[in-house]
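Q: A structural model of the following input is requested.
(one chain, ligands or ions: 1)
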Amino acid sequence: MPAPITPVHVKGTPIGEGRPKIVVSVTGRTTAALLEQVDALAGHGVDIVEWRVDHFGALADLESVLAAGRELAARLADIPLLFTCRTSAEGGAAEISAAAYATLNATLAASGLVDLVDVEYERDGAAVERVLAAARAHGVPVVASYHDFGKTPARGEIVARLCAMQEAGFDVCKIAVMPRSAADVLTLLDATRTMHEDHADRPLITMSMGPLGLVSRLAGGLVGSAATFGMVGEASAPGQAPVDELSAALRLLDAGSAVPARG
Ligand SMILES: O=C1C[C@@](O)(C(=O)O)C[C@@H](O)[C@@H]1O
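A: Numbering: from 1, shown residues only. Next up is the predicted model:
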């Protein structure tokens, strides 16, 4: 029996407690485009905004990234900001060296502008350690991410990966995989349930991507997934539902309160 789940609080939003939190990504190439995307989120019940900085045109210029981050944070006010630089290996747009990746994430973690930082779990170990250390020093929780756009690994492999993320000290453990069949979607959901019930002491986020996996984005709360990614305008990964329909489905399922107590 694992320890109880310790929620991660970002600007008062408890990830891992209550219903799954709705995350929407902004992917603008410029600060103006990012602010326009943020403005379009108003009134849609978004709990957390993810800045997919890998789409930002001036990614290589740290000062420009910081300047955009200042404007985004000011515009978001009370809404927490998750900072993510997704590289091409994990389905993103950034082609970036391990050293530049570490500097970017460590600088943003230390900037006071972002509330959570995403780290690709399979990246160069030294880069991951640098980001973790900077985030720890500034009290910023870190989300570990792993993507497989080609397949859904076996249940035991998904659970082992989530356990390894937890053991490595990440605050939130996230896995996104691609299903090729309905059975794959069930595998992801069952791996999430197993992790949540038997191993996890911190929030998990999991999803089965693409149209086949949509049900996991709606009903993941039932098996212990603490957040779900929806979209306003443009999806940041295949299979995301429009945020209004996503929130309506979550309300209908009331998935947060349906998570069975462990033990
Ligand atoms: O890791 C994730 C999850 C995601 O890939 C999805 O499938 O919704 C979308 C990404 O923007 C985010 O960083």
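
Q: tell me the contacts of the residue of the stretch 51-200 of the chain found nearest the ligand?
A: For the stretch 51-200 of the chain, the residue closest to the ligand is residue 176, as judged by C-beta to the nearest ligand atom, at 4.2 Å. Any C-beta I mention is one placed from the backbone N, CA and C, and that applies to glycine too. Applying C-beta atoms under 8 Å, 6 or more residues apart in numbering to residue 176 gives the contacts 145-148, 206-209, 237.

Q: what sits closest to residue 86 if chain neighbours are left out?
A: Nearest non-adjacent residue to residue 86, counting by C-beta to C-beta, 6 or more residues apart in numbering: residue 92, 2.5 Å away.

Q: please apply the same query to residue 83.
A: In space, residue 83 is closest to residue 114, 4.0 Å off (C-beta to C-beta, 6+ apart).

Q: anything in stretch 11-21 near the ligand?
A: No: counting by C-beta under 6 Å from any ligand atom, the ligand is not contacted by stretch 11-21; separation bottoms out at 12.4 Å.

Q: for residue 227, what are phi and psi?
A: The phi/psi pair for residue 227 (degrees, to the nearest 10) reads phi -160, psi 160.

Q: surely it meets residue 20?
A: Yes: Residue 227 is within contact range of residue 20, at 5.4 Å (criterion: C-beta atoms under 8 Å).

Q: my read: the residue nearest to residue 83 touches residue 81, true?
A: Yes: Residue 114 lies in contact with residue 81 (C-beta under 8 Å); the separation is 4.9 Å.

Q: overlap in contacts, those two.
A: 51, 69, 73.

Q: so where's the stretch 1-150 of the chain shaky on pLDDT?
A: Low-confidence segments of the stretch 1-150 of the chain, defined by pLDDT under 70: 1.

Q: if we go to 90?
A: Within the stretch 1-150 of the chain, the ranges that satisfy pLDDT under 90 run 1-4, 89, 122-124.

Q: mind listing the strands for it?
A: 8-10, 13-15, 21-26, 48-52, 81-84, 116-120, 142-148 (DSSP state E, counting those that start in this stretch).

Q: can you list the residues of the stretch 101-250 of the chain near the ligand?
A: Close to the ligand, as judged by C-beta under 6 Å from any ligand atom, the stretch 101-250 of the chain has residues 118, 145, 174, 176, 207, 209, 229, 236-237, 240.

Q: I'd like to know which of those residues are buried.
A: Neighbour-count burial (16 or more other C-beta atoms under 10 Å) applied to these gives 118, 145, 174, 176, 207, 209, 229, 236-237, 240.

Q: rewinding a little: dump the strands of the stretch 1-150 of the chain to CSV, plus distance to residue 154.
A: Rendered in CSV, the data for the strands of the stretch 1-150 of the chain read as follows (distance: least, C-beta to C-beta, whole Å):
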stretch, distance to residue 154
strand 8-10, 28
strand 13-15, 27
strand 21-26, 27
strand 48-52, 28
strand 81-84, 27
strand 116-120, 21
strand 142-148, 12
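
Q: looking at those strands, spot the one closest to residue 183.
A: Of all the strands of the stretch 1-150 of the chain, it is strand 142-148 that lies closest to residue 183, at 15.7 Å by C-beta to C-beta.

Q: what residues does that closest one touch?
A: 82, 84, 86, 90-91, 109, 116-122, 131-132, 135, 161, 165, 168, 170-178, 205.

Q: quick one: strands adjacent to that strand?
A: Strand 142-148 pairs in its sheet with strand 116-120 (parallel), strand 172-177 (parallel), by DSSP bridges.

Q: could you dump the ones you listed to CSV with distance to residue 155?
A: Formatted as CSV, these follow (distance: least, C-beta to C-beta, whole Å):
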stretch, distance to residue 155
strand 116-120, 22
strand 172-177, 11
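
Q: and the strands in the stretch 151-263 of the chain?
A: 172-177, 204-208, 227-230.

Q: what's the closest of the shared contacts of residue 114 and residue 81 to residue 221?
A: residue 51 (24.2 Å).

Q: the closest one contacts residue 26, doesn't it?
A: Yes: counting by C-beta under 8 Å, residue 51 touches residue 26, with 5.8 Å between them.

Q: shared neighbours of those two, anything?
A: Both residue 51 and residue 26 are contacted by 34, 72, under the criterion C-beta under 8 Å, 6+ apart.
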